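# take this sequence and fold it.
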Amino acid sequence: MSQFLPEAIQSALPNIIQLFYLLATGFFIVGIKRLGSPATARSGNQMASFGMLIGVAVTLFDQEIISFELIIAGVVIGALIGIVAAKKVQMTAMPEMVAIFNGFGGGASALVAWGEFARVDPTLIAVDGLITTGLSILIGSITFTGSFIAFGKLKGFIDGGRIALPGQNIINLVLTAVALGLVGWFTIDPAYQVVFWSLFGLALLIGVLTVLPIGGADMPVVISLLNSYSGIAASMAGFVLGNNLLIISGALVGAAGLILTNVMCKAMNRSLVNVLFGAFGGGDEGGPGDTGDSDKSVQKTFADDVAIQCSYANKVIIVPGYGLAVAQAQHVLKEVANLLEEKGVEVAYGIHPVAGRMPGHMNVLLAEADVPYDQLYDMDEINPQFKNTDVVLVIGANDVVNPAAKTSPGSPIYGMPILNVDEAKRTIIFKRSLSPGYAGIDNELFYSDKNQMFFGDAKKSLQELSKAVKELD
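Alright, predicted model coming up:
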């Protein structure tokens, strides 16, 4: 395409392209910054998308394009798939979609490195180019298969518990060491195709074996880590192509993913090593027949009683969890909150960093129901408020409010920062049963004298509560 431009512009084209890359990078950075707040997240996403559009368009001038027909066809097909997926996906399936995006990102980076390696004579590639090619294939392939295993665990067709061979951790470490050795061998002898394909296949296997043993309780951390991997793989592919924009954008994603992974680990009071090699937890909570600790009794409550307690309270805090997403009850919850606010009740939402199945899951869910941003509080902001709260409605959350994290040194979640709902005057837990959450342990809060259990599907229970609140008028 560049050959059709005037000669003066052709000579200045490399500098112009780098300037546009710099502009796109600026959009990426500002976009990521704006993603830090629910109030600006939408515009941040749009800015980052526009930056990517600039990058794609400019790259068409910068690279040797074989066939624009194929590129246009790929853009159209990909855009259509993306639009349909975005329109059809349920909020409960958003974590699975993120896992797939991570996988495709890693896989694309590996394929780009492979394509560039296949395009030129391997003996003419510099050592640094061979190293980054090997690393891009290694990290991208691990991300690809690992993300699809995470997708399977989240979707439920792969057991959410720990699936591991005897000595699985040792096997993974040995295979990783072998893969790194193959990267070194590939760097020394790139023309030997057996090494290249062995590296590709082994990396795909490592991705499977790394994620399979990780339990369902750790999926938010795994998604964050795989997101980081996809960024690092893209950055490595950028070095292979000599594309500055891909290097920078990949580094931004990689760094953001690592920071988020660290935040998630702190929120669970666990190290990344412990997540990868000592996972706990299983799949979804059980059905209505599960009864928890049968030797303990709970206080049951119903819609009319909850309506009275909430309507005459000064302050109500709502703690959402994955059960709210499963029931698709966010809009009914917003309706209940509106009714309480009309009665003069102060309503706020407490969000735990690992509530749901991915970082920010609850924020996105509540934003879909038009919950005001200024009513959403993170854990550090909301915890001091529980002591002065009359009623806390815990809807579909479990481990993130379990007092065992503070009181039971032998518990798997001991030391994990939680929402201190037990400090409120009254807690009401909306839940289908007394079954444990992802961590697979009983919740002490169920049996507290200050707690009541509102059993049933979250959406149906909230609909009953909404009707009961209206009838108090």
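# with adjacent residues omitted, what lies nearest to the most centrally placed residue in the chain?
The residue lying closest to the centre of the chain (CA atoms, centre = their mean) is M358, at 3.4 Å. Once flanking residues are discounted, M358 sits nearest to P95: 4.0 Å by CB to CB, 6 or more residues apart in numbering. Backbone N, C-alpha and C define where each C-beta goes, glycine included.
# how about F430, secondary structure?
Following DSSP: H, G, I helix; E, B strand; the rest coil, F430 is assigned to strand.
# quick one: the strands in this protein?
Applying DSSP state E to the chain gives strands spanning 315-320, 346-351, 376-378, 391-395, 427-431, 451-455.
# partners of the first one, with directions?
Read it as strand 315-320. Applying DSSP bridges to the sheet, strand 315-320 is found paired with strand 346-351 (parallel), strand 391-395 (parallel).
# so which of the ones you listed gets nearest C310?
For C310, the closest of the strands paired with strand 315-320 is strand 391-395, at 5.4 Å, according to CB to CB.
# ok, the closest residue to Q299 other than its chain neighbours - how many residues close by?
Sequence neighbours aside, Q452 is the residue nearest to Q299 in space, at 4.7 Å (criterion: CB to CB, 6+ apart). Using other CB atoms under 10 Å, Q452 has 20 other residues around it.
# for G410, same thing?
G410: 6 surrounding residues under other CB under 10 Å.
# gap between it and N398?
Distance from G410 to N398, counting by CB to CB, to the nearest Å: 19 Å.
# and for Q328?
Per CB to CB, Q328 is found 18 Å from N398.
# of the two, who's got more company?
Taking other CB under 10 Å, Q328 and N398 do not tie; N398 has more neighbours (24 against 15).
# thought that one was touching L434?
No: between N398 and L434 there is no contact under CB atoms under 8 Å: 10.2 Å.
# ok, and the closest non-adjacent residue to V112?
Excluding its sequence neighbours, the residue lying closest to V112 (CB to CB, 6+ apart) is A237, at 4.5 Å.
# go on, D189?
V195 (6.6 Å).
# poorly predicted segments of this protein, please.
Low-confidence segments of the chain (pLDDT under 70): 1-13, 61-66, 91-92, 160-162, 216-217, 277-295, 437-439, 473.
# right, and S43 touches K33 too?
No: between S43 and K33 there is no contact under CB under 8 Å: 10.9 Å.
# returning to what we had before: and for the residue nearest to V112, the neighbour number?
The tally of other residues near A237 (other CB under 10 Å) stands at 30.
# do the same with G55
Neighbour tally, G55, other CB under 10 Å: 23.
# same check on the one 5 residues further on?
Applying the criterion other CB under 10 Å, we find 12 residues in the vicinity of L60.
# hmm, it is touching I71, no?
Yes: with contacts counted by CB under 8 Å, L60 reaches I71, the gap being 7.3 Å.
# one step back: mind putting the strands of the chain into TSV with distance to A267?
Output for the strands of the chain, formatted as TSV (distance: least, CB to CB, whole Å):
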stretch	distance to A267
strand 315-320	15
strand 346-351	11
strand 376-378	10
strand 391-395	17
strand 427-431	21
strand 451-455	23
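# OK, contacts around the nearest residue to A404 once chain neighbours are set aside?
Leaving out its chain neighbours, the residue that sits closest to A404 by CB to CB, 6+ apart is S411, at 4.3 Å. Listed by CB atoms under 8 Å, 6 or more residues apart in numbering, the contact set of S411 reads A404, A405, I441.
# relative to G146, which of these is nearest.
Ranked by distance to G146 (CB to CB), these are led by I441 at 26.6 Å.
# what about the closest residue to V183 other than its chain neighbours, how many neighbours?
Closest residue to V183 apart from its sequence neighbours, by CB to CB, 6+ apart: G134 at 3.7 Å. Neighbour count for G134, taken as other CB under 10 Å: 28.
# need the contact list for G134.
Applying CB under 8 Å, 6+ apart, we find G134 in contact with L182, V183, F186, T187, L199.
# quick check: the residue nearest to the centre of the chain vs V211, distance?
15 Å.
# do I318 as well
Distance, I318 to V211, using CB to CB: 33 Å.
# cool, S271 as well?
In terms of CB to CB, S271 sits 18 Å off from V211.
# who has more neighbours, these two?
More crowded of S271 and V211, by other CB under 10 Å: V211, with 28 against 13.
# list the residues that contact that one.
The contact partners of V211, taken as CB under 8 Å, 6+ apart, are T145, G146, S147, I149, A150, K153, V222, L226.
# just L333 next, same as before
Per CB under 8 Å, 6+ apart, neighbours of L333: I318, P320, L324, A369, I395, L462.
# between those residues, which is nearest V345?
The closest of those to V345 turns out to be I318 (CB to CB; 11.2 Å).
# in the sheet, who's paired with the closest one?
Y349, L393.
# so it touches V347, yeah?
Yes: counting by CB under 8 Å, I318 does reach V347; the two are 6.8 Å apart.
# which neighbours do these two share?
Residues touching both I318 and V347 by CB under 8 Å, 6+ apart: A337.
# the two - which one has more neighbours?
Taking neighbours as other CB under 10 Å, I318 and V347 compare with I318 leading, 25 against 21.
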